[in-house]
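Student: Structural data only, the sequence is not supplied:
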């Protein structure tokens, strides 16, 4: 897929799915804006990609940061065509009664409010320019409870409803909004999950996790008309039919 002339903003771009997506979109010709709290990591990635990449330090739990990052992206590249709301955390892991309420709330701030902030800062400009694509990274945890993940499950369930609500309000204005549920991916988050020892997911062998390049390639595919049938819902990368459409199997 040719993304030449298009601009993509990726939150949580310092590692994992975000960093892999940055490389995939850049290889497809897109300009990429990389945002994360880890300034050194996104700066190194932007340098690796070259002149079509910029690194913008940003805490997605702060609307002023997200709004400024969107403004900087548009000022640099002239427009914003794709937003990937990827930033997220799984901590705190533990039974509800044992969880620090402040840390629980911080997960909501990052995983849920951060997605809303991205939508709020991006949607008006995309409507004004006549279109755009917004993809929210979802999870199977959005659709069913997982032991020890009350904060993560609650935040991802909220993101799923945000995806549906935003699609309901914006599809007729030219916006393509959907979610990607990637399954278990070989990233730092899975290392944290394994270290917790809580619930069956922490017991999975590392070999069953898919590489981050798979969801990255799926995100690129989702920017095409081939994914239009999934607007307003989550695409599950666990499904062989989706993997086949993306070209992963």
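Tutor: Done, it's in. Everything numeric in this text was worked out from a predicted model, so none of it was measured.
Student: Quick check: buried residues in the helix ranked longest in the chain?
Tutor: Using DSSP state H, we find that the single longest helix of the chain is helix 150-170. Within helix 150-170, the residues that qualify as buried are 150-160, 162-164, 166-167, 170, counting by 16 or more other Cβ atoms under 10 Å. Any C-beta I mention is one placed from the backbone N, CA and C, and that applies to glycine too.
Student: Check stretch 10-17 too.
Tutor: Using 16+ other Cβ under 10 Å as the burial criterion, the residues of stretch 10-17 that qualify are 10, 11, 12, 13, 14, 15, 16, 17.
Student: can you list the residues that contact the helix or strand just after the longest helix of the chain?
Tutor: Counting by DSSP states H and E, the next helix or strand C-terminal to helix 150-170 is strand 175-181. Residues outside strand 175-181 that contact it (Cβ atoms under 8 Å, 6 or more residues apart in numbering): 123, 126-127, 131-140, 142, 159-160, 163, 166-167, 170-171, 215, 218-219, 222-223, 227-228, 230-238.
Student: If we use 7 Å, what do you get?
Tutor: Contacts of strand 175-181 from elsewhere in the structure, counted by Cβ atoms under 7 Å, 6 or more residues apart in numbering, are 123, 126-127, 131-140, 142, 159-160, 163, 166-167, 170, 215, 218-219, 222, 227, 230-237.
Student: Now that strand: average pLDDT?
Tutor: Confidence for strand 175-181, expressed as mean pLDDT, is 97.
Student: got the contact list for residue 11?
Tutor: 18, 35, 60, 84, 85, 86, 87, 114, 118 are the contacts of residue 11 under Cβ under 7 Å, 6+ apart.
Student: The last one: neighbour count?
Tutor: Spelled out, it's residue 118. Neighbour count for residue 118, taken as other Cβ atoms under 10 Å: 27.
Student: So it belongs to a helix, correct?
Tutor: Yes. Per DSSP: H, G, I helix; E, B strand; the rest coil, residue 118 lies within a helix segment.
Student: Find the residue closest to it in space, skipping its chain neighbours.
Tutor: Leaving out its chain neighbours, the residue that sits closest to residue 118 by Cβ to Cβ, 6 or more residues apart in numbering is residue 85, at 4.8 Å.
Student: now that neighbour: how far from residue 78?
Tutor: Distance check for residue 85 against residue 78: by Cβ to Cβ, to the nearest Å, it reads 22 Å.
Student: Looking at the two now, which is surrounded by more residues?
Tutor: Between residue 85 and residue 78, counted using other Cβ under 10 Å, the more crowded position is residue 85 (28 against 11).
Student: The more buried one contacts residue 120, doesn't it?
Tutor: No. If you go by Cβ atoms under 7 Å, residue 85 and residue 120 don't touch, sitting 11.4 Å apart.
Student: which ones among the contacts of strand 175-181 are found in helices?
Tutor: Residues of these located in helices (DSSP H): 123, 126-127, 159-160, 163, 166-167, 170, 215, 218-219, 222.
Student: Most widely separated two among the residues you listed?
Tutor: Using Cβ to Cβ, those span at most 27.1 Å, a distance reached by 127 and 215.
Student: Specify which residue of these two has the higher count of neighbours.
Tutor: A count of neighbours by other Cβ under 10 Å puts residue 215 above the other of residue 127 and residue 215, at 29 against 14.
Student: what are the phi and psi angles of the residue nearest the centre of the chain?
Tutor: Closest to where the C-alpha atoms of the chain average out (Cα atoms, centre = their mean) is residue 86, at 1.9 Å. Phi and psi for residue 86, reported as degrees, to the nearest 10, are phi -110, psi -30.
Student: neighbouring contacts of the helix or strand of the chain with the lowest mean pLDDT?
Tutor: Here the helix or strand of the chain ranked lowest by mean pLDDT, DSSP states H and E is helix 188-196, holding a mean of 81. For helix 188-196, contacts defined as Cβ under 7 Å, 6+ apart pick out 15, 16, 90, 91, 93, 148, 184, 201, 202, 209.
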